[in-house]
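Peer 1: take a look and give me a structure for this.
(one chain, ligands or ions: 2)
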Amino acid sequence: MIFFGKSDLEKRAEKGDKSAILDLVRKGKVKKAIKILERFREEKDLRKVLFDLYLKEGMYKEAHRLIREFGREVGTARERGLVCEKVGDVEGAVEEFLKVGDFDSLLKAGDLLERAGRREEALQVFKRALNLAPPLKRGELEKRIERLSEGKREGLIERLRRGLKKTKEAVRIGEIFSGRAVDESLFEELEETLVRADVGVKTVLSLIEDIKREAKRKSVKRSEDLKEITGRAILDLISGCEGDLNLEGGRPKVFLFLGVNGSGKTTTIGKLAYRFVGEGKRVLLVAGDTFRAAAIEQLEAWARRSGSDIVKGEEGSDPASVVYKGLEKALRENYDLVLVDTAGRLHTKEPLINELRKIKKVIQKLAPDEPSEVLLVLDATVGQNALQQARVFREALDVTGLVITKLDGTAKGGALIPICRELRIPVKLVGVGEGVEDLQPFRAEDYVRALLE
Ligand SMILES: Nc1nc2c(ncn2[C@@H]2O[C@H](COP(=O)(O)OP(=O)(O)OP(=O)(O)O)[C@@H](O)[C@H]2O)c(=O)[nH]1
Ligand SMILES: [Mg+2]
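Peer 2: Numbering: from 1, shown residues only. Ligands and ions are numbered 1, 2, ... in the order given. Take a look at the predicted model:
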């Protein structure tokens, strides 16, 4: 009689006996082995056998699925990077190669980014690679960086204009100035348009008054000339609000970020880190928002993306102690910049403000001259609410600068004007999109030009 039952080897393999499974593989029963191993993939040891097998067999899709399921608990970063690359998961591949961080891996990450059309990020990675480049490869990489940089310099105005495009679509301030007489109806329309652009009634009224006076003085007849007068009047209001980040003096510089939920703190920190790392600075991010695990993860993703380091604590842990840990590390390891993220919930005003004060105190304990900047992040799309928020925060802490985000948002880039006029706090950065490059210094002239386009 022929015995068709399972061999002893298979039976042992079925029970998850590693050496039996390996024997199966050796005997060419790969499919069988994989089937068994999939059942045992929760076990680290067997998962490794499975992952290696997938790699050996070129079954990258399956390997990728394991990575998606178990993250860094499968394979090495280099292996994970290769798998992600094979299946076209650019994001994953770049992330893993950046983790490996040696010259070849950075080069690979840069390649992938460039091919994906993410030139600015590619450039950043290539610059990091250059620091590690062996002498013979330096020249070639330098040329590549140069080539990539050439196409890159989109002017600030273009960028802001692109950012404000949606604003323009919603509220076309510029359009009302074409080919018509300067009369009361034009002033009325201008007034209404400015209000709709979130400039704020009080500010609009005083602006219109200025514009009328100036138009009369110059006996302006053409609406095109009124546009210039309007631009100048707005510029007069806001040019005093330009300000640059304080980077003078000792190291590390500490920037503390404040703002309500969703205003754009974490994103701004990410963009800024990216810029500073690109300038060759060593940047440490501190996850002072311990309110939600997702907040910590979001900052971690930005750390990876920007090539900066991060100090974090457990979800729910004391933010001030995380900040303390971060500052210690920054001092010990000579970082140039420390960017501190904080939680944004404000419905319980008192505790949040106290927490922020405590964080500031902790910073000052370790670095008496810091923070160099206390930056309040405001979402331009919430209009007059941003003003309210600003007052609350300013009451509690010395805010040294504003970051106005989402000037590209659905509404109305005009919100910056009353904020600037009423608060008299310098605007140090503006956000014009969600991408890493969509952050720029505030230049009043560029802003007005883009607004009135
Ligand atoms: N369009 C646009 N979106 C932005 C800009 N800045 C931030 N965002 C988006 O706004 C959302 C909230 O940004 P976060 O950085 O998470 O805000 P946060 O202040 O850290 O929020 P909490 O952590 O909840 O306090 C995200 O979806 C960002 O991508 C900007 O300048 N333009
Ligand atoms: Mg955040």
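Peer 1: contacts, neighbours, all on C-alpha from now
Peer 2: OK.
Peer 1: okay, and residue 187 sits in which element?
Peer 2: helix 184-196 (DSSP states H and E).
Peer 1: meant to ask about residue 131
Peer 2: Short version, using DSSP H and E: residue 131 is in helix 119-132.
Peer 1: which positions in the helix or strand following that helix come out as buried?
Peer 2: Sequence order places helix 135-150 as the next helix or strand after helix 119-132, per DSSP H and E. Of all the residues in helix 135-150, those buried under the rule 16 or more other C-alpha atoms under 10 Å are 141, 145, 148.
Peer 1: and residue 88, what's its pLDDT?
Peer 2: At residue 88, the pLDDT value in this model is 86.
Peer 1: count of neighbours near it?
Peer 2: Neighbours of residue 88 under the rule other C-alpha atoms under 10 Å: 13.
Peer 1: okay, and the beta partners of residue 403?
Peer 2: Taking DSSP bridges as the rule, residue 403 bridges to residue 377, residue 429.
Peer 1: hang on, it packs against residue 378?
Peer 2: Yes. Between residue 403 and residue 378 there is a contact under C-alpha atoms under 8 Å: 6.1 Å.
Peer 1: assign the nearest residue to residue 314 once chain neighbours are set aside to helix, strand or coil.
Peer 2: Spatially, and ignoring its direct neighbours in sequence, residue 314 is nearest to residue 290 (6.8 Å; C-alpha to C-alpha, 6 or more residues apart in numbering). Of the three states, residue 290 takes coil according to DSSP: H, G, I helix; E, B strand; the rest coil.
Peer 1: do I have it right that residue 290 meets residue 313?
Peer 2: Yes. Counting by C-alpha under 8 Å, residue 313 is a contact partner of residue 290 at 6.9 Å.
Peer 1: intersection of neighbour lists for these two?
Peer 2: Common neighbours of residue 290 and residue 313, using C-alpha atoms under 8 Å, 6 or more residues apart in numbering, are residue 319.
Peer 1: for the chain, what lies in contact range of ligand 1?
Peer 2: Within the chain, the positions adjacent to ligand 1 are 260-267, 295, 343-344, 405-406, 408-409, 431-434 by C-alpha under 6 Å from any ligand atom.
Peer 1: where along the stretch 251-400 of the chain do the helices fall?
Peer 2: 265-278, 293-306, 319-332, 349-366, 384-396 (DSSP state H, counting those that start in this stretch).
Peer 1: figure out how far the first one is from the centre of its chain.
Peer 2: Helix 265-278 sits 6 Å away from the centroid of its parent chain (C-alpha atoms, centre = their mean, to the nearest Å).
Peer 1: swap in the third one?
Peer 2: Its chain's C-alpha centre and that of helix 319-332 lie 22 Å apart, by C-alpha atoms, centre = their mean.
Peer 1: check contacts around the nearest residue to residue 92 once chain neighbours are set aside.
Peer 2: With C-alpha to C-alpha, 6+ apart as the measure, residue 84 is the residue that lies nearest to residue 92, at 5.7 Å, once sequence neighbours are left out. Applying C-alpha under 8 Å, 6+ apart, we find residue 84 in contact with 64, 90, 92, 93.
Peer 1: among these, which ones are in helices?
Peer 2: 64, 90, 92, 93 (DSSP state H).
Peer 1: max pairwise distance over those residues: which two?
Peer 2: Using C-alpha to C-alpha, the two most remote members of the ones in helices among the contacts of residue 84 are 64 and 90, lying 12.2 Å apart.
Peer 1: quick one, which of the two is more surrounded?
Peer 2: Legend: neighbour count by other C-alpha under 10 Å for residue 64 and residue 90, higher for residue 64 (26 against 18).
Peer 1: how far away is that one from ligand 1?
Peer 2: For residue 64, the distance to ligand 1 equals 27 Å [C-alpha to the nearest ligand atom, to the nearest Å].
Peer 1: how near is that residue to residue 310?
Peer 2: 27 Å (C-alpha to C-alpha, to the nearest Å).
Peer 1: same question, residue 45
Peer 2: 30 Å.
Peer 1: with neighbour numbers in mind, choose between these two.
Peer 2: residue 310 (22 against 12).
Peer 1: model confidence score at the nearest residue to that one once chain neighbours are set aside, please.
Peer 2: Of all residues not flanking residue 310 in the chain, residue 285 sits nearest, at 4.6 Å (C-alpha to C-alpha, 6+ apart). For residue 285, the pLDDT comes out at 97.
Peer 1: so who does residue 285 touch?
Peer 2: Residue 285 touches 269, 273, 299, 303, 308-311, 326, 338-341, counting by C-alpha under 8 Å, 6+ apart.
Peer 1: now do 10 Å
Peer 2: 254-255, 266, 269-270, 273, 299-300, 302-303, 308-312, 323, 326, 330, 337-341 (C-alpha atoms under 10 Å, 6 or more residues apart in numbering).
Peer 1: low-confidence ranges in the stretch 201-350 of the chain?
Peer 2: The stretch 201-350 of the chain contains residues with pLDDT under 70 at 346-350.
Peer 1: hang on, the earlier thing: chain center to the helix holding residue 131, what's the gap?
Peer 2: Taking the mean of its C-alpha atoms, helix 119-132 sits 17 Å from the chain's own mean (C-alpha atoms, centre = their mean).
Peer 1: just the C-alphas of it, formatted as PDB.
Peer 2: Taking Å, rounded to 0.1, in the frame of the first residue of the first chain, the C-alpha atoms of helix 119-132 are listed here in PDB:
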ATOM      1  CA  ARG A 119      13.500  67.900  -6.600                       C
ATOM      2  CA  GLU A 120      13.800  70.000  -3.500                       C
ATOM      3  CA  GLU A 121      13.900  66.900  -1.300                       C
ATOM      4  CA  ALA A 122      16.300  65.100  -3.600                       C
ATOM      5  CA  LEU A 123      18.600  68.100  -3.400                       C
ATOM      6  CA  GLN A 124      18.500  68.000   0.400                       C
ATOM      7  CA  VAL A 125      19.400  64.300   0.500                       C
ATOM      8  CA  PHE A 126      22.200  64.700  -2.000                       C
ATOM      9  CA  LYS A 127      23.600  67.500   0.100                       C
ATOM     10  CA  ARG A 128      23.600  65.100   3.100                       C
ATOM     11  CA  ALA A 129      25.300  62.500   0.900                       C
ATOM     12  CA  LEU A 130      28.000  64.900  -0.100                       C
ATOM     13  CA  ASN A 131      29.100  65.100   3.500                       C
ATOM     14  CA  LEU A 132      29.800  61.400   3.400                       C
END
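Peer 1: could you say what helices and strands that helix packs with?
Peer 2: helix 90-100, helix 103-115, helix 135-150, helix 265-278, helix 293-306 (3 or more C-alpha pairs under 10 Å, 6 or more residues apart in numbering; DSSP states H and E).
Peer 1: next, the angle from that helix to helix 90-100.
Peer 2: Calculated by axes from the mean of the first three to the mean of the last three C-alpha atoms, to 10 degrees, helix 119-132 forms an angle of 20 degrees with helix 90-100.
Peer 1: can you mark which positions in helix 119-132 are buried?
Peer 2: For helix 119-132, burial by neighbour count (16+ other C-alpha under 10 Å) applies to 119-130, 132.
Peer 1: residue 40: which of the helices of the stretch 251-400 of the chain is closest?
Peer 2: Between residue 40 and the helices of the stretch 251-400 of the chain, the tightest spacing by C-alpha to C-alpha is seen for helix 293-306, at 28.7 Å.
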